[in-house]
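Chemist: Sequence and predicted model, in that order:
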Amino acid sequence: MPKFSTALQQRLEALCLLFFASLLPTLAVHAASGTSLPTYVHPVLQIPRVDVEGYGAISLSLVLEDETSLRFAIASAVPAAAGLEPGATFTLSDGLLQIPTVKAGTQFYSLRLQRLPGDLFQLLAAEDVVLPGQLDYAAQCAGCHGADGLGGAVGVSLKNCVNCGSLASLESKIASTMPLGNPAACTGTCASTVAAYVLAVFNGTTSTGGGTAMAAIEELPLDATLRNAALQLLSRLPTAQEQARVAAEGEAGLRAVLDGMMTEPAFYHRLSEIFNDWLLTNRYLSTNGGEAAIQLMRRYPNARWYDPGVANRGSDYVTLRNTTNDSVAREPLELINHVVRNDLPMTQILTADYVMLNGYSAKSYGADTSIFSNEWDATEFRPVKLNGVPHAGILSSLMFLNRYPTSATNRNRARSRVVYDLFLDVDILALDGARPDGTAVDISSPAPTMENADCVKCHSLLDPVASSFQNWNLAGNFVRARSWYADMFRAGFNGTAFPSTSTQEPLQWLTQRIVQDARFDAAIVRLVYTGLMGQEPLDAPGPDATAAETEAWQAESAHLDEIQARYVAANRTLKTLVKEVVLSPYWRADTLNDAAQGVVHAATGPARLLTPEMLHRKLNALFGFEWRGSLNSYATSRNVLATARLLDSRQYYQQIYGGIDSFVITERLGDPNGLMVLVQERMANEMACYAVPNDFLTPKAERRLFSGVDITTQLNTAQERAAVRGTIQHLHAYLLGETLALDSPEIDATYQLYEAVQVEGRKRVGVSELTTLPALCQRNNDLLTGASLNSGGVDGRLRNDPNYTIRAWMAVVAYLLSDYRFLYA
Amino acid sequence: MERRHFLRLLTGIGLIGVLPMSLVRPALGATPSRFLITVSASGGWDPTALVDPKGNALRADGLGPVNNYPASQIKTIGKLRYAAYPDGVTPPATDSPGHLDTFFAKHYSRLRVVNGVDTQTNGHETGQRFVWSGKLEEGYPSVAALAAAPYASQPMAFISNGGYDFTASLVAPVRTAAATTFTALAYPNSQYPNDPALRSAGYFSTPTYAAVQAAREQRLTRLRVSAALPERAAQMAKLATVRDSDVPLDSLLTQLPARVSSGLKGQAEIAVAAFASGLAVSAGLNLGGFDTHGDHDEDQTAALTALLEGVDHLWTQIEQRGLQDKVTVIIGSDFGRTPFYNTADGKDHWNITSVLAMGAGITGNTLIGATDANFEALKLSASTLEPHSAGLLVTPKHIHRALRDFLGVPAELDALFPLPVEKLALFA
């Protein structure tokens, strides 16, 4: 903002009278909202509350009309919203508008303006203002939280800050924890003035902007939300009982149904996927090497208990090896499942003093297997405390420590960075912008990471956490260090050193402090929200952000803050978090009731191309069989992982379709490419080829797809046409979740496809096409059992399609399976 | 955790969507004049075991030798120097294309080596990002993605095999698989795609399949027009765009070897076939096994042998298709390894590395940059590129500045991800 100057004089009385007399009723709905603090965002000077001598309070918006003369025109004047603090005064006698503090960018000014004829204001004077706490904030806080308080890659936003609490609590928090790694730098007056500054400048808000944005979202009805939740969480359709309960009890019913869903094993498969996208510990599954996890267990003499020696290996050797390896590899994800399944607080994923083992992995660790009801049940995981191992949840997991390795020179700093990133949502590398240029940093002192300010600002955060790993060696095993580096910050967290008198291990001490940090809660909320939404929450807007970007972020972040508060209040149970996300307007967003909000909601709504795993399960849920290669040998293909088209990463489509192997490929593709649409096309064709004839072989009452028609049903009579139309209506609902009226244009379009294919195809039968189905689509054997359909004198095979009805339905099903609504969540 | 960039969200179809088309797309029908392949030795290779050899002289600080081979065994060919095999390690067969002597004898004349590149990090993720994007922090696309961006409409413009393949939404990365899988995708309506004699037998007859495809396209248009949420409409637009682009995979299949190799060789075969068939513009190849914290000499040697075999195979593929004047190859790694051994006979992370270039436009038999006896980078004169105490340290930022200029990255694209640093004639 330029410095203001010059002088003028006039009155505003008539103007104010006009506003109060005529504008108040009509403009009330547009009452200004937001901070009490006057702001200047070029070219608008916004004063939320002007106290007008003798008339009350108005909210005034002025627009800089002439940059040379610094004259403002009145853009709007409305009654001030209740609860705002006075930000300016206007005296009718001399026409002076005095604004003690105006925020312009990251600067503050005191302004004096004079009213002129023609509803103009002339700027008379502008002086710099330094608010109490402003300089300390700029010096010690802005590096992470941003000069505008909107946060950054490291610091959370301070706008609409639900965690700030009262002035006293924020002051206490700053004094004890801020700035990160050096809380002693801002205590006493610094803490109190910075707290006041943060609350006054960033939080004097009514948050109505976010409310307006949220109100524009029209949510999916509860029944559709139920279907989406069942498919997303369990990869199945809702049961009739679940649908009835939601219909009868509304949202409470849906919450109860979700509680039930979250007891099913399928939920924990999905949960592991979400958390593995974050931890990537599935890098050690046998798909990445038969003994990928076992190789990490050199310390454990029984690790390879399943191998009697090459000469003595039985036929079950590979199965035992892979099962054992995968049991070991899944340990950190099973810990998360255990915590969630038993409604334990999510803090236990870091503080658990046990490890999750099943009978197979227990043998490898040399642990007691008598605790298992069935030591050969690979799904029976139980908490076990290993002798001599001071467990610290995921952080002491062999998988975690090897997935994020360190070295003698790295001294656990890489692990520390990952801890900040995964569990505190802090990107150390983004701290204070670019890393110091190696040529410009003086590293001549004995311990530059402790003495050089350029180094200290990161290492004071990084190294105490790194030092807390000091008793976990390069291989990920607990080996008490004889000594630790003197030229490195000692173990600690958030400015508190690990007490030398503590009876705990430093890593255990660390995890107990991490889980008390609000950023741990925020990290979990962010993770679950991202996993269910299919996209990250919006990033904090930068200095060049538009108003729409800022509003979108404010609305979403305020909503996430609310979700986080409910999650914390519910003892940090993840099931609560899942329910809150599923019931949130963002997850249920269907449409907007205000087109003007389109810009704000540019990114709103679940936006997920189904992952290959999710698509695989969805197909199975809807058709009762998986997409395998080849479907002709479905009954004899025992190894699902090696034959499922969307799960096998090497031969088939898992990686082409954007999947990850948690090893080399660690980022999922969120948008389709040319190859992926070909995968969709082949999937739709193959599944239609097998599913349609298979369904017609099923007793009519048990059919998933075609209970309303037979293979003889053509379009010759009104009854047949109605049956076909009704079946199409059912297919749209069953496959796509679309509830359509029989006369809807979409039903018409699908009917036209059926009609074109069936009628024209029948004409070609015997001419250019055969009576029989395509060879692979003929059902000579039961798809699931492989049993012959032509035995005992009964020929139950389905090979012919003289009326071209089966092929027409195949076309319809292929059309629907390649639809956007099928392929996206 | 990665954060979404608001700009990408608003554009819906990625950054491309907000740029004037003339800035990022060549004229309709234009074909790339140059292809780019990056080969990432993931995990952090040891340049002193390859193109920046030191030998086994003991360090003055008592940390032992840099390498376990005598300096007298360091080889010179043309202007390049390369390492000997460490004592106690069995080298590959001398006729192996991955043997150091064999490889350098065959390729030194086309190799350009930049030694003493300071990655300023010893973190894998950061190192990969810096080495392949030119920026230490997040947010910049890999150079392979940048090279493909002007041709983003090509169905497989950028092939990724993992590693740092961030694209900043400029182009969709495509991952690859086995040849039979490509065939199945090339003929999605075929019941028997891998049997040429039966390939025409479809799940649907030609007229029926045409009806399905037309209905599918019309349905997507209807959905897109009626979509109320911008994000959903944008997704549909993307899906429609990708579906509209023809993917002539059959032409790729004709260029692939009858039996596609595994590992780096297979990646090379698919990438070059995709170039030759006009489907791809750039490819990121990826090979692991270089993070040798223990038993360095044995494991690093094996990884380097696999790398050199792969690069040799790549060049063979390029030559077989007559693309040697069109394909540029850049080879690099996250960073280097310590100029001393740890207690496990391994080497940990070290911020100094090397970058190799070969192929189209590259003058071979050239060595730029240097390190001292302890494998610390020496400063270079910006004008002569010779070591100079008052010069500058070459970082990946310099590498990418030079690489972008060399590749002819459009100025408008370059400006979106600026690299304000001295221009060095590293590849000219």
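Modeler: Good, I have the coordinates.
Chemist: Who are the packing partners of the helix or strand where A:Lys618 lies?
Modeler: Counting by DSSP states H and E, the element that carries A:Lys618 is helix A:612-623. Here helix A:612-623 touches helix A:222-234, helix A:674-697, going by 3 or more C-beta pairs under 8 Å, 6 or more residues apart in numbering or on different chains; DSSP states H and E. All C-beta atoms are positioned from the backbone trio N, CA, C, and that covers glycine.
Chemist: who wins for proximity to chain B among these?
Modeler: helix A:674-697 (3.0 Å; C-beta to the nearest C-beta).
Chemist: List the buried residues of that closest one.
Modeler: Buried residues in helix A:674-697, counted by 16 or more other C-beta atoms under 10 Å in any protein chain shown: A:674-696.
Chemist: quick revisit: take the helices and strands packed on helix A:612-623 and write them to CSV, including distance to chain B and mean pLDDT.
Modeler: Converted to CSV, the helices and strands packed on helix A:612-623 look like this (distance: least, C-beta to the nearest C-beta, whole Å; pLDDT from 0 to 100):
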stretch, distance to chain B, mean pLDDT
helix A:222-234, 14, 95
helix A:674-697, 3, 95
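Chemist: Can you lay out those helices as TSV showing distance to A:Glu127?
Modeler: Output for the helices and strands packed on helix A:612-623, formatted as TSV (distance: least, C-beta to C-beta, whole Å):
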stretch	distance to A:Glu127
helix A:222-234	55
helix A:674-697	60
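Chemist: Looking at the ones you listed, which is nearest to A:Asp66?
Modeler: Of all these, it is helix A:222-234 that lies closest to A:Asp66, at 53.5 Å by C-beta to C-beta.
Chemist: helices or strands up against whatever helix or strand comes next after the closest one?
Modeler: Per DSSP H and E, the first helix or strand lying C-terminal to helix A:222-234 is helix A:240-261. If you count contacts as 3+ C-beta pairs under 8 Å, 6+ apart, helix A:240-261 packs onto helix A:222-234, helix A:574-582.
Chemist: Now do the nearest residue to B:Pro230 once chain neighbours are set aside, the pLDDT please.
Modeler: Spatially, and ignoring its direct neighbours in sequence, B:Pro230 is nearest to A:Ala602 (4.7 Å; C-beta to C-beta, 6 or more residues apart in numbering or on different chains). At A:Ala602, the model reports a pLDDT of 80.
Chemist: among the helices and strands of chain A, which has the poorest mean pLDDT?
Modeler: Across the helices and strands of chain A, the lowest-confidence element by mean pLDDT, DSSP states H and E is helix A:24-27, at a mean of 30.
Chemist: shaky segments in chain B?
Modeler: B:1-31, B:138, B:177-179 (pLDDT under 70).
Chemist: Let's verify the closest residue to chain A within it: helix, strand, or coil?
Modeler: Nearest residue of chain B to chain A: B:Pro155, at 3.0 Å (C-beta to the nearest C-beta). State at B:Pro155, reduced to three classes by DSSP: H, G, I helix; E, B strand; the rest coil: coil.
Chemist: mind listing what the residue nearest to it when sequence neighbours are not counted touches?
Modeler: Nearest residue to B:Pro155, sequence neighbours excluded (C-beta to C-beta, 6+ apart): A:Gly674, at 3.0 Å. Residues near A:Gly674 by C-beta atoms under 8 Å, 6 or more residues apart in numbering or on different chains: B:155-156, B:172, B:174, B:242, B:245, B:247.
Chemist: Just the buried residues out of those residues, in PyMOL syntax.
Modeler: Remark: buried members of the contacts of A:Gly674, expressed as a PyMOL selection using 16+ other C-beta under 10 Å:
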select buried, chain B and resi 155+156+172+174+242+247
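Chemist: Give me the subset of the contacts of A:Gly674 that lies in strands.
Modeler: Among the contacts of A:Gly674, the members falling in strands (DSSP state E) are B:Val174.
Chemist: Nearest residue to residue 295 in space, please, no chain neighbours.
Modeler: Assuming you mean chain A. Going by C-beta to C-beta, 6+ apart, A:Gln295 has A:Gly289 as its nearest residue, at 7.6 Å.
Chemist: wrong one, I was asking about chain B
Modeler: Closest to B:Asp295 by C-beta to C-beta, 6+ apart is B:Asp345, at 5.4 Å.
Chemist: Isn't the one you found up against B:Gln300?
Modeler: No: using C-beta atoms under 8 Å, B:Asp345 makes no contact with B:Gln300, being 10.8 Å away.
Chemist: what about B:Ala258, how many neighbours?
Modeler: For B:Ala258, the neighbour count with other C-beta atoms under 10 Å in any protein chain shown is 5.
Chemist: what's it sitting at in phi/psi?
Modeler: phi -60, psi -40 (degrees, to the nearest 10).
Chemist: any idea how far it lies from B:Asp250?
Modeler: According to C-beta to C-beta, to the nearest Å, B:Ala258 stands 15 Å off from B:Asp250.
Chemist: just A:Ala733 next, same as before
Modeler: To B:Asp250, A:Ala733 is 38 Å away according to C-beta to C-beta.
Chemist: and what of B:Ala172?
Modeler: The gap separating B:Ala172 from B:Asp250 is 21 Å, by C-beta to C-beta.
Chemist: try B:Thr363
Modeler: Taking C-beta to C-beta, one finds B:Thr363 at 38 Å from B:Asp250.
Chemist: where's the nearest residue to B:Arg224 once chain neighbours are set aside, which helix or strand?
Modeler: Counting by C-beta to C-beta, 6+ apart, B:Met236 is the residue found nearest to B:Arg224 once chain neighbours are left out, at 4.0 Å. Here B:Met236 is covered by helix B:230-244, with elements defined by DSSP H and E.
Chemist: Can you check what angle separates that helix from helix A:674-697?
Modeler: 90 degrees (axes from the mean of the first three to the mean of the last three C-alpha atoms, to 10 degrees).
Chemist: Distance from the chain centre to helix B:230-244, please.
Modeler: The chain centre lies 29 Å from the centre of helix B:230-244; the measure is C-alpha atoms, centre = their mean, to the nearest Å.
Chemist: tell me what that helix is packed against?
Modeler: helix A:674-697, helix A:820-823, helix B:206-226.
Chemist: Let me see the residues that make contact with that helix.
Modeler: Contact with helix B:230-244 is made by A:598, A:601-605, A:607, A:609, A:671-674, A:676-677, A:820, A:823-824, B:9, B:11-13, B:155, B:172, B:216-217, B:220-221, B:223-224, B:227, as judged by C-beta under 8 Å, 6+ apart.
Chemist: Could you give me the buried positions within it?
Modeler: Neighbour-count burial for helix B:230-244 flags B:230-240, B:242-243 (criterion: 16+ other C-beta under 10 Å).
Chemist: And stretch B:390-408, by the same measure?
Modeler: The neighbour-count check on stretch B:390-408 (16+ other C-beta under 10 Å) flags B:391-407 as buried.
Chemist: What of stretch A:366-373?
Modeler: Using 16+ other C-beta under 10 Å as the test for burial, stretch A:366-373 gives A:367, A:372.
Chemist: Measure how buried A:Thr379 is and give me the count.
Modeler: Count around A:Thr379 with other C-beta under 10 Å applied: 10.
Chemist: cool, B:Ala210 as well?
Modeler: Neighbourhood size, B:Ala210 [other C-beta under 10 Å]: 11.
Chemist: With the one 4 residues further on instead?
Modeler: Neighbours of B:Ala214 under the rule other C-beta under 10 Å: 13.
Chemist: The closest residue to A:His601 other than its chain neighbours: how many residues sit nearby?
Modeler: Sequence neighbours aside, A:Leu592 is the residue nearest to A:His601 in space, at 5.9 Å (criterion: C-beta to C-beta, 6+ apart). A:Leu592 has 20 neighbours, counted by other C-beta under 10 Å.
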